[in-house]
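S.K.: Sequence unavailable; structure follows:
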Ligand code: PEP
Ligand code: MN
């Protein structure tokens, strides 16, 4: 068999000895084996395989229900590897479960008063995760680059004050350790989606990662980027649709809402929608947030600033506290219409 991968679905009640036997056979055929323990059964993802690999023979072993050939180029990200879906846990927050999770906060951490005010406001409205960049990927080297470690310290402090989780962007391999000290979720930004060395590094980190879709990335390229992280052993992965570059210039990006159900169909990973970067305009954030939840998003990431007019970055797409509160109220009935609830909603 030339380069290929299979998923081995074990029978319900397969014993540890049977599973070990199957793993042994797969390893002997040159596969890397990744185990996924679901509620009902164990699934083994086997990637690679040498020339003599004959996965059909695995079906003859005791305790095996079926062997499914994975034809997609991404394997560990494929829905067939974990049909029930992945729930990523950050503190007490579960992303990918029944509840829609809202992450919110300023684009960039600018000052103590700014981030503390934003944390208090988003918490009051029901957000579970505080966002804020300390290292900013800017198109121009002369633009504000973020407060660095001081920004992370302020972000953590503001989040702890409100019992919120923290998501913040890591821009380079050299920053992973620093980010891991302050954040609960590592964000890999759109511009770094194909920074394969960084993907490998966060794949080795023992904490959740949120991978944003690249500005011009196809869904397949995005899922292959996810595969890099999964292949290093990190299963706590969240995807984030943040809009893509198209010929349209009215909006900053074109929010690809259709990517949300596609990701759910193709993968077992939770997906967050970011209508702030997805549109670039504050008055489009609410309608696209509602559309994203209706399309099945597991959460939202929304930029919120005490005074968007004076924001050092992305003021035009940032919501005031009042508009964010309004969005949180409006999202509840939409979530209910698609069988979800919104975490933190009263
Ligand atoms: C951000 O979330 O702050 C950000 C820079 O987003 P993106 O990488 O999607 O542009
Ligand atoms: Mn931003």
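M.R.: Received it, and whenever you're ready, just let me know what you need. Keep in mind it's a predicted model, so treat the numbers as computed, not measured. Ligands and ions are numbered 1, 2, ... in the order given.
S.K.: going forward, measure contacts and count neighbours with C-alpha atoms only.
M.R.: Fine.
S.K.: hey, where'd the helices end up in this structure?
M.R.: 16-28, 112-125, 149-161, 176-182, 196-203, 219-231, 259-266, 275-279, 282-294, 321-337 (DSSP state H).
S.K.: Can you list the buried residues in the last one?
M.R.: Read that as helix 321-337. Applying a neighbour-count criterion of 16 or more other CA atoms under 10 Å, one finds 321, 323, 324, 325, 327, 328, 329, 331, 332, 334, 335 buried in helix 321-337.
S.K.: Deepest-packed of the helices of the chain, please.
M.R.: Mean neighbours per residue, mean count of other CA atoms under 10 Å, is largest over the helices of the chain for helix 275-279, with a mean of 27.
S.K.: what does it contact?
M.R.: 241-244, 251-256, 282, 284-286, 288-289, 300-303, 317-318 (CA atoms under 8 Å, 6 or more residues apart in numbering).
S.K.: can you rerun that using 7 Å?
M.R.: 242-243, 251-255, 282, 285, 288-289, 302-303, 317-318 (CA atoms under 7 Å, 6 or more residues apart in numbering).
S.K.: what separates it from the chain centre, distance-wise?
M.R.: 16 Å (CA atoms, centre = their mean, to the nearest Å).
S.K.: and that helix, average pLDDT?
M.R.: If you average the pLDDT over helix 275-279, you get 98.
S.K.: Same check on stretch 212-220?
M.R.: 98.
S.K.: can you pull the buried residues of that stretch?
M.R.: Neighbour count says stretch 212-220 has 212, 213, 214, 215, 217, 219 buried, by 16+ other CA under 10 Å.
S.K.: Show me what from the chain comes close to ligand 1.
M.R.: 107, 133, 189, 190, 191, 212, 242, 277 (CA under 6 Å from any ligand atom).
S.K.: Residue 46 and residue 6 touch, don't they?
M.R.: Yes: using CA atoms under 7 Å, residue 46 is in contact with residue 6, at 5.3 Å.
S.K.: Counting neighbours around each, name which of these two comes out higher.
M.R.: Using other CA atoms under 10 Å, the more surrounded residue of residue 46 and residue 6 is residue 46, with 27 against 24.
S.K.: show me where pLDDT drops low in the stretch 1-150 of the chain?
M.R.: 1-3 (pLDDT under 70).
S.K.: one more time with 80
M.R.: 1-4 (pLDDT under 80).
S.K.: residues touching the residue of the stretch 1-150 of the chain found nearest ligand 1, list them.
M.R.: Minimum separation of the stretch 1-150 of the chain from ligand 1 (CA to the nearest ligand atom) falls at residue 107, amounting to 5.1 Å. By CA under 7 Å, 6+ apart, the residues touching residue 107 are 132, 133, 303, 313, 314.
S.K.: Mind doing that once more with 6 Å?
M.R.: 132, 133, 303 (CA atoms under 6 Å, 6 or more residues apart in numbering).
S.K.: Can you tell me which of those end up in strands?
M.R.: residue 303 (DSSP state E).
S.K.: Report the beta-bridge partner residues of residue 186.
M.R.: residue 168, residue 209 (DSSP bridges).
S.K.: ok, it to residue 179 distance?
M.R.: Distance of residue 186 to residue 179, given as CA to CA, to the nearest Å: 7 Å.
S.K.: what do you get for residue 103?
M.R.: For residue 103 relative to residue 179 (CA to CA), the value is 17 Å.
S.K.: same thing with residue 215?
M.R.: 23 Å.
S.K.: Over to residue 52?
M.R.: From residue 52 to residue 179 the distance is 44 Å (CA to CA).
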